[in-house]
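1. Build me a structure from this.
(2 chains)
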Amino acid sequence: METLLQQIVNGLVVGSVYALVALGYTMVYGILGLINFAHGEVVMVGALTALQTLLFLMGVAPDMAPLLKLAIAVLVAVPVCMILGFLMERLAYRRLRGAPRLAPLITAIGMSFLLQTLAMIIWGRNYHTFPQLISTDPLQPIDGVFITPVQIAIVIISALMMAGLILLVTKTRLGRAMRATAENHRVASLMGVDTNAIIALTFVIGAGLAAVAGVMFASNYGIAHYAMGFMPGLKAFTAAVLGGIGNLGGAMLGGIVLGLVEAVGAGYIETMTFGFLNSSYQDIFAFVILGIVLIFRPTGLLGERVSDRA
Amino acid sequence: MNELVEAIPFLGKRYPKATKWLIIILAAVAPLIAAYFGRSWMRILDFALLYMMLALGLNLVVGFAGLLDLGYIAFYAVGAYTWAFLASPHFGIHMPFWIVLPLGAAFAALAGIMLGFPVLRLRGDYLAIVTLGFGEIVRIFMNNLNHPINITNGPQGINALDSLNLFGWNLSQSIKIGDFQIHYLYLYYYFFLLCVIGSIIFIKRLQISRVGRAWAAMRDDELAAKAIGINTRNMKLLAFALGATFGGVAGGLFGSFQGFVSPESFSLMESIAVLTMVVFGGMGNIAGAVVGALALTALPEILRNIALPVQQAVFGTVILDPEVLRMLLLSLAMILMMLLRPAGLVPAHARYSRPELLKGGA
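-> Down below sits the predicted model:
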């Protein structure tokens, strides 16, 4: 029982980070029908930029309050990632709008590997320790179930950001323009929406969320390296599909569900398969879920829009 | 062949016959030229031929049938591991190549069909992710199936694979004729060359056959293809199975040539590398796959030989190591090709290709 509860806690924490990343995928997919493969790499850039800032701050002002340092690091990482997201859209994807369907996807894959390579050049191949500025001393709300303050912060901050995004999309003029663009580019632009700006903005918002998610990942595991974004990126994509791609609420639900399934699955896979498979197979869950969802319910848990653009 | 000839600027159009012969002669003497620069170049040439087979097979799936497969290297792995299981001291089984190679191809084809069935209904971009997941799953299993029963020997891989033995003629031993010695890398080169030529002929026939035309129709407009009576399900499965077969054969040859397999050789990066070769050369085009594979195997090596000394001289230290250079080159090739020349280096003949690709994307 304690194992189960513990794994649920872990799953919720990881799941809320997946959800943040999944939002970026789902927003871009909802508007452009493009899987932005390089989105996971934005997570990585966010984490490494924050790391660089932290190291700099520690050198310059070692006495600064740790939380302030972290806040500054996030405030640096977010704009950097936003610029990156903007540049990706402007330099590559925009020019491929309306091209044959494989072209943007192949470009996105190339972009993903380009970013990884550049990060490898800048930060090297090694794993970097990410300073843990929020306490990682585990609290014990229930006997035998541990949760660290970092994890609590992750869950709360991602919940706040998601709420903010929902408000932005449903309540503001900008949000209405985004939804209109997702519905139909041409009609939206006829109604006076600057669709190019909206699409660029979508990338920028997604990248901003990814930057925060990157810092969360790095703080949770205490490490950062050039390839750290790829797997979470794929899993977040799975989460977006699981929830129903193009659907914001779906992305959040999908993220949490995926996090839970993965954590609980990893905890029990050894007993379930009589010791044949162990937790090193954890990464398989996301792909298996993805396959099952796409075969039996391609619209996802909450998806209503069947995007059949063949 | 003619496509290749036409693709060579100036010379190809003017003297098609002469260019054709030039290519044939170049292919025949290539290892001699490579040997002049050193053994490692001959090895690279052999690998280029293996990559050609892979690119040809992937081109079948991506270029002809329009199914973006990001887990293609998994089939290569299946072929290589089949060789490792059935022809190495690992299990103590030493079967001859004419059993192992077809078996590897068959297993790979089976894997292709197994992958194909669930993903049949998926559209292009979902398909890409699921195939990527498939490739990763295969790699994760290779990495971890050393426990509790040791099947794949985990990340260490399997050593001392049998070399290619053509009915008693061992390709990994140099031949001596009098004082003249033929190094084994030559033997492998010509054997692989034969395999590649065989593949090209087979794929060429396939392309202009009923199946090839059905694939092209399906790729260009699936709905219309269905409407005119093409069984798109079977056609997709066939594309996966045939593409996988090439991967499986190439994998077996790789195992025998390298004498060693480990999960590291079958990473996602390799899938992407093969895809880049296809994209770089020109999707849906045999000559494109060949040129792409040759260019993208040779270029990183050439860069390695040029860039390293230059960096040493300029900065006094090596900043970009060869592996980074290769990744940089591949990813840039992929992006720039899509942006600037989406039809590839050697655009497919109008007869076989999508008109909108030739117009140049956007």
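
2. all contacts plus neighbour counts: C-alpha atoms, from now on.
-> OK.

3. where are the low-confidence patches of chain A?
-> Low-confidence segments of chain A (pLDDT under 70): A:275, A:279, A:303-310.

4. can you tell me which helix in it is longest?
-> Counting residues, the longest helix in chain A under DSSP state H turns out to be helix A:2-32.

5. now swap in chain B and tell me
-> Longest helix of chain B, by residue count under DSSP H: helix B:286-315.

6. tell me the mean pLDDT over that one?
-> The predicted model assigns helix B:286-315 a mean pLDDT of 83.

7. Against which helices or strands is it packed?
-> If you count contacts as 3 or more C-alpha pairs under 8 Å, 6 or more residues apart in numbering or on different chains; DSSP states H and E, helix B:286-315 packs onto helix B:2-7, helix B:39-59, helix B:184-207, helix B:268-281, helix B:322-340.

8. now what about the helix or strand that the longest one is followed by, what contacts it?
-> Same thing as helix B:184-207. Going down the chain from helix B:184-207, the next helix or strand is helix B:210-220, by DSSP states H and E. Contacting residues not belonging to helix B:210-220 are listed as B:64-67, B:206-207, B:224-226, B:230, B:232, B:235-236, B:352-354 [C-alpha atoms under 8 Å, 6 or more residues apart in numbering or on different chains].

9. Export only the CA atoms of the following helix or strand past helix B:210-220, formatted as CSV.
-> The helix or strand immediately downstream of helix B:210-220 is helix B:222-227, counting by DSSP H and E. Listed next in CSV are the C-alpha coordinates belonging to helix B:222-227 (Å, rounded to 0.1, in the frame of the first residue of the first chain):
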residue,chain,number,x,y,z
GLU,B,222,-4.9,7.5,-50.1
LEU,B,223,-8.6,8.1,-50.5
ALA,B,224,-8.4,8.2,-54.3
ALA,B,225,-6.2,5.1,-54.2
LYS,B,226,-8.8,3.3,-52.2
ALA,B,227,-11.5,4.4,-54.5
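
10. where's helix B:222-227 relative to the chain centroid, distance-wise?
-> Remark: helix B:222-227 is offset 30 Å from the chain centroid, using C-alpha atoms, centre = their mean, to the nearest Å.

11. looking at the helices and strands packed on helix B:286-315, which is closest to residue B:102?
-> helix B:184-207 (13.3 Å; C-alpha to C-alpha).

12. what helices or strands is that closest one leaning on?
-> Using 3+ C-alpha pairs under 8 Å, 6+ apart, helix B:184-207 is in contact with helix B:39-59, helix B:286-315.

13. which of the ones you listed sits most buried?
-> helix B:39-59 (a mean of 25; mean count of other C-alpha atoms under 10 Å in any protein chain shown).

14. So for that helix, mean pLDDT?
-> Per-residue scores along helix B:39-59 average to 90.

15. just to revisit the earlier point, any chance of TSV for the helices and strands packed on helix B:184-207, columns distance to residue A:26?
-> TSV is the format used below for the helices and strands packed on helix B:184-207 (distance: least, C-alpha to C-alpha, whole Å):
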stretch	distance to residue A:26
helix B:39-59	29
helix B:286-315	34
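
16. Spell out which residues sit in contact with the closest residue to residue A:16 other than its chain neighbours, please.
-> Of all residues not flanking residue A:16 in the chain, residue A:256 sits nearest, at 5.7 Å (C-alpha to C-alpha, 6 or more residues apart in numbering or on different chains). Shown in contact with residue A:256 (C-alpha under 8 Å, 6+ apart): A:11, A:12, A:14, A:15, A:16, A:18, A:19.
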